[in-house]
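Participant: Quick one: sequence and predicted model below, then my questions.
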Amino acid sequence: MVPATVIDNALRSEDVEGLLELGAPSDEYSHEAKTIASALEELTPGAASEDGIAAVVAKVWARSFDLSDEDLDKRYAALRRVARQILAFYLEDG
């Protein structure tokens, strides 16, 4: 299980929406982090890959920020980097 704090740190480091840069509070993405952590608990061990994690992150992100497919595509590289950070935790925590 990946703690929401690990996910929150990854989301804050990417600041996908640029909200922290605009002065939003540091807990701006904590709801999304908790939702992603919860969704990741449902992943089967085989789905705990970069692609599987990226799909979960993108789904939560699209829903949270009411993004179209086009909007999500613009953010996908950053969301993929978040997924890599989460996967690194999985691999370290093993």
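Facilitator: Ah, there it is.
Participant: tell me the contacts of residue 22?
Facilitator: Applying CB atoms under 8 Å, 6 or more residues apart in numbering to residue 22 gives no contacts. C-beta here means a position set from N, CA and C on the backbone, and glycine is covered the same way.
Participant: The residue lying farthest from the centre of the chain in helix, strand or coil?
Facilitator: Of all residues in the chain, residue 23 has its C-alpha farthest from the mean position, at 20.3 Å, by CA atoms, centre = their mean. Put simply, residue 23 is coil when judged by DSSP: H, G, I helix; E, B strand; the rest coil.
Participant: so what's the backbone phi/psi at it?
Facilitator: phi 110, psi 10 (degrees, to the nearest 10).
Participant: how close does it get to residue 15?
Facilitator: Distance of residue 23 to residue 15, computed by CB to CB, to the nearest Å: 12 Å.
Participant: swap in residue 56?
Facilitator: 19 Å.
Participant: what comes up buried for stretch 6-15?
Facilitator: Across stretch 6-15, burial judged by 16 or more other CB atoms under 10 Å covers 6, 7, 8, 9, 10, 11, 12, 14.
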